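Peer 1: 3D model of this:
(one chain, ligands or ions: 1)
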Amino acid sequence: MSQRIEYPEGGKKITASADGRLNVPDHPIIGYVEGDGIGPDISRACLRIWNAAVEKAYDGQRQIHWAELFMGEKAAALYDGDYFPQETKDALKDLLIAIKGPLTTPVGGGFRSLNVSLRQELDLYACVRPVRHYAGVPSPLKKPEDVDVVIFRENTEDVYAGIEYRSGSDKNQKVARFLREEMGETFFEDAGLGVKPISPFGTKRLVRKAIQYAIDHDRESVTLVHKGNIMKYTEGAFRTWGYELAREEFPDQTITEEELYATHGGKRPAGKVVIKDRIADIMFQLMLLRPNEFDVMATMNLNGDYLSDAIAAEVGGVGIAPGANMSDTVAVFEATHGTAPKYANQDKVNPGSLLFSGVMLLQHIGWVKAAELITAAYEKVIGAGIVTYDFARNLEGATEVKTSQFADAIIDQMQGTIDIDRIRREREEAVEAERRAREQRRVVAPQEEMVASGRVPHTVSDLMNPNLVSMLGSTTVEDAMHLMRERRISSVVVQPADDDEIQEWGIMTQRDVISRVVSAGRQPNTVRISEVATRPLITVQEDVSLFDCAEMMGERNIRRMVVVDTQGRPIGIISDTDIFASVEQFGLPE
Ligand code: NAP
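Peer 2: Purely as a prediction, here's the structure:
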């Protein structure tokens, strides 16, 4: 097959060290695939912007030497119908870094999607999608600036692995027979069947990448997203293996959310990345209600597919969301939208998605200043109401421009006076202030924060009501009732008074007052609470699991337990209602 790909002269290849770190020369060769449909329009515009940014940021000391690679329709024309020629595969592996426009999936002829082929051929196991808001971009959220996350989606496993058996086929019947007869499973006749493989290997290499990213970019947390409450051995295992990887490979750089609260009182130790997990459906809610709680996310294939588009839609739509697919060394950056064929060659569409994929690329190779320059110029242009047709639809008073004019406007801005250092400082200060405010809430009201931030409680101390009130046994029931109503509590812990006959702690609940005082016809102002209290006080240690606590309540047939710390000091109270509400909301904890 003829050689169509030429590496530009004057450029040098990027290489990778044994630990995967890139060695980037000042004149690297980087591959680009123009793409089909609107691909040429947006690629042309973006190449101009990227080149201008690099030139400006490094005073001409650095320059990308672009090597055109061929995929899709352009490849088919050049390579005799081959949509993804071997030469391109080889070049992608050889150059390590490339960027591509959207590609048409050829219809018929049994073609796999080119994007799927690309991921499989190069084992690009991590799909990385940063989603943040840019000032001026239309959004349905009240505070879209709170969204700033990077999603690491596993790309090779899960129900997307392609292990499926069509209803009625021989293979389907064979698998169904095995599941019914050998495994004792039950399901409806003629059900289509699919397999959901999730492996420790696949999980760990993805989570490793996410944690490394968080460390390298001073991110606060990595959230493992899963439905482990329902699918224990796949989604639940993803969670378990994720924590395991963090513990094994990043013991000094990470802490778990449990430790954040239990050991550090809600204060994140400097430089540590907090590893937490959230149930997938709650994640969708939280990204609308409290998006600033989240930073880097690691997800399995299907959850990540839904989640990344949903979050992108919150801050301006998939039209501007960038993305990349990565292996340990190779990274292919790409526009996340399709080829929009009806707009092809009209110089009309928004180049944002490809543009920001290029920004990601620049960050990936460590050329951060050029990346920041583009982002700052973009916000200025959008802020001035200069937009392509898609944003113009949603922005009143906007000036609609062509793709190429939009690129001109950004390049003009970059040539002007943009104070990158000030913008970076302001952004860092805003992030820091936001982090401090959240930390303050974690320290002051840990319980409220736990529930509001969607954290699944595991131990008694996660769920207990710390609003524990103890009163001397000599207090009258009437005084205790006033206090209980005022504080909205349903029980008080009773401390023995010196003259009490029984020198033992107890508890008095609303129910005790009703059954032992009111229905007995006694006057609350004449009865001491020590007479009404139930003894002995049944306690549970703060670090006991909710599961064990529920079991203890069941065995003893009681509804509340006083929570004590490791020194035996009462620190809170937990009731069966608390556990009921938690299980109803989050499922049964492990
Ligand atoms: P699409 O190409 O993403 O277009 C759907 C709609 O999204 C467009 O009609 C347009 O909306 C809007 N849009 C997409 N890109 C835009 C841009 N840069 N600026 C402004 N608006 C943009 O999806 P599709 O029509 O379903 O797919 C078309 C082809 O693309 C198919 O062959 C598909 O296989 C392929 N595809 C490729 C990739 C990829 O290579 N990564 C991904 C997805 C799809 P309005 O009509 O509202 O203006």
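
Peer 1: so which residue of this protein comes closest to the ligand?
Peer 2: residue 338 (2.5 Å; CB to the nearest ligand atom). Yep, even glycine has a C-beta here, placed from its N, CA and C like the rest.

Peer 1: residues in contact with that residue?
Peer 2: Residues in contact with residue 338 (CB atoms under 8 Å, 6 or more residues apart in numbering) are 37, 102.

Peer 1: pLDDT score for it?
Peer 2: The per-residue pLDDT reported for residue 338 equals 89.

Peer 1: quick check: mean pLDDT across stretch 342-351?
Peer 2: Mean pLDDT, computed over stretch 342-351, is 95.

Peer 1: Stretch 164-181 too?
Peer 2: Mean pLDDT, taken over the full extent of stretch 164-181, equals 96.

Peer 1: from the chain's centre, how far out does it sit?
Peer 2: Stretch 164-181 has its average C-alpha position 36 Å from the chain's average C-alpha position, going by CA atoms, centre = their mean, to the nearest Å.

Peer 1: Let's see the helix-or-strand element of the chain with minimal mean pLDDT as CSV, backbone CA atoms only.
Peer 2: Taking all helices and strands of the chain together, the one with the lowest average confidence (mean pLDDT, DSSP states H and E) is helix 446-452, at a mean of 79. What follows is helix 446-452, C-alpha atoms only, in CSV (Å, rounded to 0.1, in the frame of the first residue of the first chain):
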residue,chain,number,x,y,z
PRO,A,446,-20.7,16.7,59.3
GLN,A,447,-24.0,14.9,59.4
GLU,A,448,-25.8,17.4,57.3
GLU,A,449,-23.0,17.5,54.8
MET,A,450,-23.0,13.7,54.5
VAL,A,451,-26.6,13.5,53.6
ALA,A,452,-26.6,16.6,51.4
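
Peer 1: which other helices and strands contact that helix?
Peer 2: helix 420-444 (3 or more CB pairs under 8 Å, 6 or more residues apart in numbering; DSSP states H and E).

Peer 1: List of residues touching the helix it packs on?
Peer 2: Residues external to helix 420-444 that are found in contact with it (CB under 8 Å, 6+ apart): 220, 260-261, 265-268, 292-293, 369, 372-373, 376, 448-449.

Peer 1: Report the buried members of the residues you listed.
Peer 2: Burial of the contacts of helix 420-444 was assessed by neighbour count (16 or more other CB atoms under 10 Å); the buried members are 220, 260, 261, 266, 268, 292, 293, 369, 372, 373, 376, 449.

Peer 1: Can you name the two of these that sit furthest apart?
Peer 2: Using CB to CB, those reach their maximum pairwise distance at 261 and 373, which is 40.2 Å.

Peer 1: Save the buried ones among the contacts of helix 420-444 as TSV, and put in secondary structure and distance to the ligand too.
Peer 2: Conversion of the buried ones among the contacts of helix 420-444 to TSV gives the following (DSSP: H, G, I helix; E, B strand; the rest coil; distance: CB to the nearest ligand atom, whole Å):
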residue	secondary structure	distance to the ligand
220	coil	30
260	helix	38
261	helix	41
266	coil	42
268	coil	37
292	helix	28
293	helix	30
369	helix	26
372	helix	23
373	helix	22
376	helix	21
449	helix	39
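
Peer 1: tell me which parts of the stretch 301-450 of the chain are close to the ligand?
Peer 2: 319, 334, 337, 338, 339, 340, 349, 350, 353, 390 (CB under 6 Å from any ligand atom).

Peer 1: Just give me the closest of those residues to residue 486.
Peer 2: Among those, residue 319 lies closest to residue 486 (CB to CB), at 54.8 Å.

Peer 1: Next, count neighbours for the closest one.
Peer 2: Counted by other CB atoms under 10 Å, the residues lying close to residue 319 total 20.

Peer 1: near the ligand, anything from the strand or helix carrying residue 31?
Peer 2: Under the assignment given by DSSP states H and E, the secondary-structure element containing residue 31 is strand 29-33. No. For strand 29-33, no contact with the ligand is found by CB under 6 Å from any ligand atom; the gap never falls below 9.6 Å.

Peer 1: Render the CA-only coordinates of that strand in PDB, please.
Peer 2: Taking only C-alpha atoms (Å, rounded to 0.1, in the frame of the first residue of the first chain), the coordinates of strand 29-33 have been written out as PDB:
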ATOM      1  CA  ILE A  29       5.200  16.200  15.500                       C
ATOM      2  CA  ILE A  30       1.500  15.700  16.400                       C
ATOM      3  CA  GLY A  31      -1.000  13.800  14.200                       C
ATOM      4  CA  TYR A  32      -4.300  15.200  13.100                       C
ATOM      5  CA  VAL A  33      -7.300  13.600  11.300                       C
END
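
Peer 1: what is the mean pLDDT for it?
Peer 2: In this model, strand 29-33 has an average pLDDT of 97.

Peer 1: Give me the helices and strands touching it, please.
Peer 2: Secondary structure elements in contact with strand 29-33, counted by 3+ CB pairs under 8 Å, 6+ apart, are helix 39-57, strand 65-68, helix 86-95, strand 97-100.

Peer 1: How far off centre is the longest one?
Peer 2: From the chain centre to the centre of helix 39-57 is a distance of 30 Å (CA atoms, centre = their mean).

Peer 1: now the angle between strand 29-33 and it, please.
Peer 2: With axes from the mean of the first three to the mean of the last three CA atoms, to 10 degrees defining the directions, helix 39-57 sits at 150 degrees from strand 29-33.

Peer 1: Report the backbone C-alpha coordinates of helix 39-57 in PDB.
Peer 2: What follows is helix 39-57 as a C-alpha-only set of coordinates in PDB (Å, rounded to 0.1, in the frame of the first residue of the first chain):
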ATOM      1  CA  GLY A  39     -14.600  18.100  10.100                       C
ATOM      2  CA  PRO A  40     -12.600  20.100   7.500                       C
ATOM      3  CA  ASP A  41     -14.300  23.400   8.600                       C
ATOM      4  CA  ILE A  42     -13.600  23.000  12.300                       C
ATOM      5  CA  SER A  43     -10.100  21.500  11.800                       C
ATOM      6  CA  ARG A  44      -9.000  24.300   9.600                       C
ATOM      7  CA  ALA A  45     -10.200  26.900  12.200                       C
ATOM      8  CA  CYS A  46      -8.800  25.100  15.200                       C
ATOM      9  CA  LEU A  47      -5.300  24.500  13.600                       C
ATOM     10  CA  ARG A  48      -5.000  28.200  13.100                       C
ATOM     11  CA  ILE A  49      -6.000  28.900  16.700                       C
ATOM     12  CA  TRP A  50      -3.700  26.300  18.300                       C
ATOM     13  CA  ASN A  51      -0.800  27.400  16.200                       C
ATOM     14  CA  ALA A  52      -1.300  31.100  17.100                       C
ATOM     15  CA  ALA A  53      -1.600  30.200  20.800                       C
ATOM     16  CA  VAL A  54       1.600  28.300  20.800                       C
ATOM     17  CA  GLU A  55       3.400  31.000  18.900                       C
ATOM     18  CA  LYS A  56       2.200  33.700  21.300                       C
ATOM     19  CA  ALA A  57       2.600  31.800  24.500                       C
END
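
Peer 1: and that helix, what does it pack onto?
Peer 2: Applying 3+ CB pairs under 8 Å, 6+ apart, one finds that helix 39-57 contacts strand 29-33, helix 352-364, helix 368-383, helix 403-415.

Peer 1: Please apply the same query to the second one.
Peer 2: Contacts defined by 3+ CB pairs under 8 Å, 6+ apart place strand 65-68 against strand 29-33.

Peer 1: what's the angle from the strand it packs on to helix 86-95?
Peer 2: Counting by the same axes, to 10 degrees, strand 29-33 lies at 140 degrees to helix 86-95.

Peer 1: and the closest residue to residue 411 other than its chain neighbours, what is it in contact with?
Peer 2: Counting by CB to CB, 6 or more residues apart in numbering, residue 411 lies nearest to residue 52, which is 4.7 Å off, once chain neighbours are set aside. Taking CB under 8 Å, 6+ apart as the definition of contact, the neighbours of residue 52 are 411, 414, 415.
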